[in-house]
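Undergrad: pasting the structure only:
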Ligand SMILES: [Zn+2]
């Protein structure tokens, strides 16, 4: 812990943060960022896209997981992606599944929307 006491020019102690002007009780300048907080939860804010095969010899699906959004927002995104890929898909537990291999399209769209995207699972 750094020493947070700050002395004003007349020698008196001040109890407000020089950065945000709030009292140290309210100040959040030294708090971990929200991104850092999320890393301790199940998602680190990175959306993962992977190709998966539901069953042996079954159809390939594109799985999008790690979305930090409300169910509603994820459902809306799923609609967009299904339209983009021209495929059907489902949303389950915050994970979107699009039928077929659409990793490249999905990745390009999510990056455009500002998501941090990582390809996971099967390569090539
Ligand atoms: Zn502050």
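TA: Happy to help now that I have it. These figures come from a predicted structure and were not determined experimentally. Numbering: from 1, shown residues only.
Undergrad: mind listing what's buried in the host helix or strand of residue 109?
TA: Following DSSP states H and E, one finds residue 109 within helix 103-112. Within helix 103-112, the residues scored as buried using 16 or more other C-beta atoms under 10 Å are 103, 105, 106, 107, 109, 110. All C-beta atoms are positioned from the backbone trio N, CA, C, and that covers glycine.
Undergrad: ok, now stretch 93-101?
TA: 94, 96, 97, 98, 99, 100, 101.
Undergrad: include distance to the ion when you put the buried residues of helix 103-112 into JSON lines, please.
TA: Below are the buried residues of helix 103-112 laid out as JSON lines (distance: C-beta to the ion, whole Å):
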{"residue": "103", "distance to the ion": "42"}
{"residue": "105", "distance to the ion": "43"}
{"residue": "106", "distance to the ion": "40"}
{"residue": "107", "distance to the ion": "38"}
{"residue": "109", "distance to the ion": "38"}
{"residue": "110", "distance to the ion": "34"}
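Undergrad: export those to TSV and tack on distance to residue 49 and pLDDT?
TA: Listed next are the buried residues of helix 103-112 as TSV, based on distance: C-beta to C-beta, whole Å; pLDDT from 0 to 100:
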residue	distance to residue 49	pLDDT
103	5	94
105	10	95
106	6	96
107	5	96
109	10	96
110	7	95
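Undergrad: what comes up buried for the helix or strand following the helix holding residue 109?
TA: Tracing the chain past helix 103-112, the next element assigned as helix or strand by DSSP H and E is strand 116-121. Neighbour counts over strand 116-121 (16+ other C-beta under 10 Å) mark 117, 120 as buried.
Undergrad: what does strand 116-121 contact?
TA: 45-52, 63, 103, 107, 110-111 (C-beta atoms under 8 Å, 6 or more residues apart in numbering).
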